[in-house]
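[1] can't give you the sequence, but here's the structure:
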């Protein structure tokens with residue numbers, strides 16, 4: 001089964017375009033990682049919800065290998081300014097036990 005990682009990010013008002021542009025600029029980079037399946041960046045539709053960056057991996061080991069990679073270091077080397085990101089959010093990890101696709 002696959003492994004899902006959700007990163008919930010509270011983006012402060014006025015910084016949404018910058019946050020989204022950072023992912024568009026790196027689109028396709030994570031695709032090169034062994035064991036990578038998919039990534040989705042979810043924009044909240046309510047004022048209280050954080051963005052969710054969801055990645056899917058073949059295994060937890062594949063995710064951990066990416067976290068230890070040079071590509072991960074490059075992707076996270078220039079973080080958003082502190083005023084652009086609010087409190088809360090965080091990382092969630094899941095093992096997929098049931099899946100249906102159309």
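    Ah, there it is. The shown structure was predicted, so the numbers you read here are calculated from the model rather than taken from an experiment. Numbering: from 1, shown residues only.

[2] Other residues contacting the least confident helix or strand in the chain by mean pLDDT?
    One helix or strand of the chain scores below all others by mean pLDDT, DSSP states H and E: helix 70-75, with a mean of 87. With contacts defined as Cβ atoms under 8 Å, 6 or more residues apart in numbering, helix 70-75 is touched by 26, 29-30, 32-33, 66. In short, each C-beta sits where N, CA and C put it, glycine included.

[3] Could I get the buried residue list for it?
    Across helix 70-75, burial judged by 16 or more other Cβ atoms under 10 Å covers no residue at all.

[4] and if you look at stretch 8-28?
    Of the residues in stretch 8-28, those buried (16+ other Cβ under 10 Å) are 8-11, 19.

[5] for stretch 75-94, same thing?
    84-85, 89.

[6] report the longest helix in this protein, please.
    helix 16-25 (DSSP state H).

[7] re earlier: helices - which of the buried residues of stretch 8-28 land there?
    Reading helices off these with DSSP H, I get residue 19.

[8] out of the buried residues of stretch 8-28, who's nearest residue 56?
    Residue 56 has its nearest neighbour among the buried residues of stretch 8-28 in residue 8, at 16.0 Å by Cβ to Cβ.

[9] Excluding sequence neighbours, find me the nearest residue to that closest one.
    Leaving aside its sequence neighbours, residue 8 sits nearest to residue 89 (Cβ to Cβ, 6 or more residues apart in numbering; 4.0 Å).

[10] same question, residue 6
    residue 92 (4.4 Å).

[11] again, but for residue 93
    Using Cβ to Cβ, 6+ apart, the nearest residue to residue 93 is residue 5, at 5.3 Å.

[12] Would you mark the buried spots in whichever strand or helix holds the one you found?
    Using DSSP states H and E, the element containing residue 5 is strand 3-9. Across strand 3-9, burial judged by 16+ other Cβ under 10 Å covers 3-6, 8-9.

[13] next one: stretch 33-43
    Quick answer for stretch 33-43 (16+ other Cβ under 10 Å): 33, 35-36, 39, 41.

[14] can you give me how far it is from the chain middle?
    Remark: stretch 33-43 is offset 7 Å from the chain centroid, using Cα atoms, centre = their mean, to the nearest Å.
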